[in-house]
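Chemist: I'll drop the sequence and a predicted model, then ask my questions.
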Amino acid sequence: MRTAGALPQSAEALANPACVVGPGQRCEHALVDQALNQRLVAYEHQVRGRFAAIVDTLKTVSAFQHEVDFVARAQRYAQDRLGYELPADLLEDAWVAGLNMRALHACCTFRSFKECIERADADQAPWRERMALDADFIQACGYHTVDVSPCADGRLQGLLPFIFRMAPNDNIQVKAYAGAMFDVEGDVADWTHRELERLSGALPGGESANYLKIAVYHFSTSLPCDQGCAAHGSHDSKAVESALGRLNELRAAIENTFGRGAAPEILLVGVDTDIDAIRVHLPDASGDVNPYRYVDTGDLYRETLGMDAASARAHLAAAVARAEAADGWAQGEGAMNAGMHNLVLRLLEANLSQIEYVIQHHAGRYAVIGHDEAFICAGEATNYVQLRNKYYYAHLDTVEEGAADMDVGIKIFTGLNIRHGLAVPVLVHFHYSSRVPGARERAVMRCKRVKAAIAVRYPQLHEQGLLNCQMAVSDRYGSERCAFVEDAAVAAGH
Ligand code: ZN
């Protein structure tokens, strides 16, 4: 029932742009980790399967809602198909006014997400141990912390394990913002916090290491004017300049405050969300990044297909050296440092596996090249589920501050859900630290404030029952993950 808007695609239009092969030839690149791709596809099927069954299950349940044993039968059916029961109160009143499908659909969306979180460790263990950019490698490159700010677009949700092949761990932070326009003050605070940990010896092995900030913009090569970054009106150059502008502001903020040489290293990466190829903008010897100096893995994949592993690696290194030596608009001041160089080469190579993943498991280009998220996550993102288009994320502390991100999300879901009469499910989620007394209560109150403010900002949707907010909190250090909080519990002070 989901469509990506007006996208009538012919078979020719869907021919894969990364890998164009003759009859009988296959896309099997020497540097691709086939075993890792197998593990990732199993994960993708597990997670998507939990959402894909919702609509058919609800349609079937709806068909027998007027029968005498409806509630028991519906629960048995839901348990069987979805792995959980439906909210009893929504079923029990069905005989009076009919089933509230809108509310049930939103509940199931949240419940399936919860199911993914509860099983995240088991689901993710197989691929986590095989990532190309693991914690040891990143540390060996000279970084104690990698702070990644992609666009909040759901198509970048699988960024770490799929597109970057980077193992999520405690030293990697992902903070998404619309248009990758991250909060400079917030980042200065995060950087300061990590510096304090480094200086106090709380980051073993990180004493002489640096902080790396990566901004990730995105674009669509198939429909550049429609399916690029919504926050920048699909203007690719604006997306690049804006993300780079923030990176430079962050460096200036820290240098101006803490002195020259204090600034973190930066990296700018672009993602073609149609095929998951990346553009890595190469820093120069001073760490400066340039919109025109980059290498593109889509090109590298095509150029190196059919080569043996050693030749393909040599080709990658040569391409990087060529880009570094470029003159004109792309010119930089010397070559990047050795740690960054190793990181960039590994990242380029790792992404080739993702290009082939899309070729083998998504026909070379995603069938839905636009938005297809299941819900909006407002507040602080959960990083428990790592998969393309699972939710649209609006980072916000208060609705006033995050209004722009929230408006973009509502606009996207007007096309995805409201058009079909479905509500927009909004998960309002915040973290707390169980080490801080009273923090959980404050996080819950924050959820409640944001939930109320969302209802006020979109009064028409709220009145028509087209907004369905679920509040949740997670402990940063403990075992509570995305625990659902109900209004009644807030009122009672629990
Ligand atoms: Zn975007």
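Modeler: Sure thing, it's come through. Numbers count the residues shown, from 1 in each chain.

Chemist: mind listing what's buried in the longest helix seen in the chain?
Modeler: Using DSSP state H, we find that the single longest helix of the chain is helix 34-63. Using 16 or more other Cβ atoms under 10 Å as the test for burial, helix 34-63 gives 36-40, 43-44, 47-48, 50-51, 53-55, 57-58, 61. For every residue, glycine as well, the C-beta is placed using N, CA and C.

Chemist: Same check on stretch 271-287?
Modeler: Of the residues in stretch 271-287, those buried by neighbour count under the rule 16+ other Cβ under 10 Å are 271-284, 287.

Chemist: What ranges does the stretch 301-450 of the chain have for its strands?
Modeler: Remark: strands assigned in the stretch 301-450 of the chain by DSSP state E, counting those that start in this stretch are 375-379, 391-395, 424-432.

Chemist: burial measure for the residue of the stretch 51-200 of the chain found nearest the ion, as a count.
Modeler: Sorted by distance to the ion under Cβ to the ion, the residues of the stretch 51-200 of the chain start with Cys151, at 3.2 Å. Neighbour count of Cys151, defined by other Cβ atoms under 10 Å: 29.

Chemist: Any idea how many residues pack against the nearest residue to it once chain neighbours are set aside?
Modeler: Sequence neighbours aside, Ala180 is the residue nearest to Cys151 in space, at 4.7 Å (criterion: Cβ to Cβ, 6 or more residues apart in numbering). Using other Cβ under 10 Å, the number of residues around Ala180 comes to 31.

Chemist: In contact with the residue of the stretch 301-450 of the chain found nearest the ion: list those residues for me.
Modeler: At 8.3 Å from the ion, Val408 is the closest residue in the stretch 301-450 of the chain, using Cβ to the ion. Contact analysis of Val408 by Cβ atoms under 8 Å, 6 or more residues apart in numbering lists Ala152, Ala178, Ala230, Ala231, Tyr392, Ala394.

Chemist: shouldn't the second one be in contact with Asp405?
Modeler: Yes: in this structure Ala178 lies within contact range of Asp405 using Cβ atoms under 8 Å: 4.3 Å.

Chemist: any common contacting residues for those two?
Modeler: Between them, Ala178 and Asp405 share these contacting residues under Cβ under 8 Å, 6+ apart: Ala152, Ala231, Ala394.

Chemist: Ranking by neighbours, what's the top pick from the contacts of Val408?
Modeler: In these, the most neighbours by other Cβ under 10 Å go to Tyr392, 31 neighbours.

Chemist: Just flag the most distant two among the contacts of Val408.
Modeler: Put simply, by Cβ to Cβ the two of the contacts of Val408 set farthest apart are Ala230 and Ala394, 12.2 Å from each other.

Chemist: Which neighbours do the two have in common?
Modeler: Joint contacts of Ala230 and Ala394 (Cβ under 8 Å, 6+ apart) are Ala178, Val408.

Chemist: element containing the residue of the chain most remote from its centre?
Modeler: Of all residues in the chain, the one whose C-alpha sits farthest from the chain's mean C-alpha position, using Cα atoms, centre = their mean, is Val68 at 44.4 Å. Using DSSP states H and E, Val68 sits in no helix or strand.

Chemist: Next one: it from Ala277, what distance?
Modeler: Applying Cβ to Cβ, to the nearest Å, one obtains 57 Å for the distance of Val68 from Ala277.

Chemist: about what we covered before: determine the set of other helices and strands touching the longest helix of the chain.
Modeler: Where contact means 3 or more Cβ pairs under 8 Å, 6 or more residues apart in numbering; DSSP states H and E, helix 34-63 is packed against helix 70-82, helix 101-118, helix 120-128, helix 338-361.

Chemist: The ones you listed into TSV, with extra columns for mean pLDDT and mean neighbour count?
Modeler: Compiled in TSV, the helices and strands packed on helix 34-63 are given as follows (pLDDT from 0 to 100; neighbours: other Cβ atoms under 10 Å):
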stretch	mean pLDDT	mean neighbour count
helix 70-82	94	16
helix 101-118	93	20
helix 120-128	94	16
helix 338-361	96	21
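
Chemist: mind checking which of those is nearest Ser434?
Modeler: Of all those, the one in closest proximity to Ser434, counting by Cβ to Cβ, is helix 101-118 (17.3 Å).

Chemist: Can you dump the C-alpha atoms of the closest one in PDB for me?
Modeler: Coordinates of each C-alpha in helix 101-118 appear next as PDB, following Å, rounded to 0.1, in the frame of the first residue of the first chain:
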ATOM      1  CA  MET A 101      -7.900   0.300  12.600                       C
ATOM      2  CA  ARG A 102      -6.000   3.500  12.700                       C
ATOM      3  CA  ALA A 103      -5.100   3.100  16.400                       C
ATOM      4  CA  LEU A 104      -4.400  -0.600  15.900                       C
ATOM      5  CA  HIS A 105      -2.000   0.100  13.000                       C
ATOM      6  CA  ALA A 106       0.000   2.600  15.000                       C
ATOM      7  CA  CYS A 107       0.100   0.300  18.100                       C
ATOM      8  CA  CYS A 108       1.400  -2.600  16.000                       C
ATOM      9  CA  THR A 109       4.000  -0.400  14.400                       C
ATOM     10  CA  PHE A 110       5.400   0.500  17.800                       C
ATOM     11  CA  ARG A 111       5.000  -3.000  19.100                       C
ATOM     12  CA  SER A 112       6.900  -4.500  16.100                       C
ATOM     13  CA  PHE A 113       9.700  -1.900  16.700                       C
ATOM     14  CA  LYS A 114       9.800  -3.000  20.300                       C
ATOM     15  CA  GLU A 115      10.100  -6.600  19.200                       C
ATOM     16  CA  CYS A 116      13.100  -5.600  17.100                       C
ATOM     17  CA  ILE A 117      14.700  -3.900  20.000                       C
ATOM     18  CA  GLU A 118      14.200  -6.800  22.400                       C
END
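
Chemist: Taking their axis directions, that helix and helix 34-63 sit at what angle?
Modeler: Between helix 101-118 and helix 34-63, the angle comes out at 150 degrees (axes from the mean of the first three to the mean of the last three Cα atoms, to 10 degrees).

Chemist: Taking helix 70-82 as reference, get the angle to helix 101-118.
Modeler: 40 degrees.

Chemist: which other residues reach helix 101-118?
Modeler: Applying Cβ under 8 Å, 6+ apart, the external contacts of helix 101-118 come out as 47, 50-51, 54-55, 57-58, 61-62, 82-84, 86-87, 90, 123, 374-375, 382, 384-385, 390-391, 421-423, 425, 427, 465-466, 468, 470, 481-482, 484.

Chemist: any idea where the helices of the stretch 101-250 of the chain begin and end?
Modeler: Under the criterion DSSP state H, counting those that start in this stretch, helices of the stretch 101-250 of the chain are mapped to 101-118, 120-128, 135-140, 184-199, 236-258.

Chemist: rewinding a little: between the buried residues of stretch 271-287, which is nearest the ion?
Modeler: Each of the buried residues of stretch 271-287 was checked against the ion using Cβ to the ion; the closest is Thr273, at 8.7 Å.

Chemist: Verify the contact between the closest one and His218 for me.
Modeler: Yes: taking Cβ under 8 Å as the definition, Thr273 is a contact partner of His218 at 5.0 Å.

Chemist: so what's in contact with those two at the same time?
Modeler: Any residue near both Thr273 and His218 by Cβ under 8 Å, 6+ apart counts here, and that gives Asp153, Arg155, Leu156.

Chemist: Any idea what the nearest residue to the last one once chain neighbours are set aside is bridged to?
Modeler: Take Leu156 and drop its neighbours on the chain: the residue closest to it by Cβ to Cβ, 6+ apart is Pro150, 4.2 Å away. In this structure, Pro150 has beta-bridge partners Val216, where bridges are defined by DSSP bridges.
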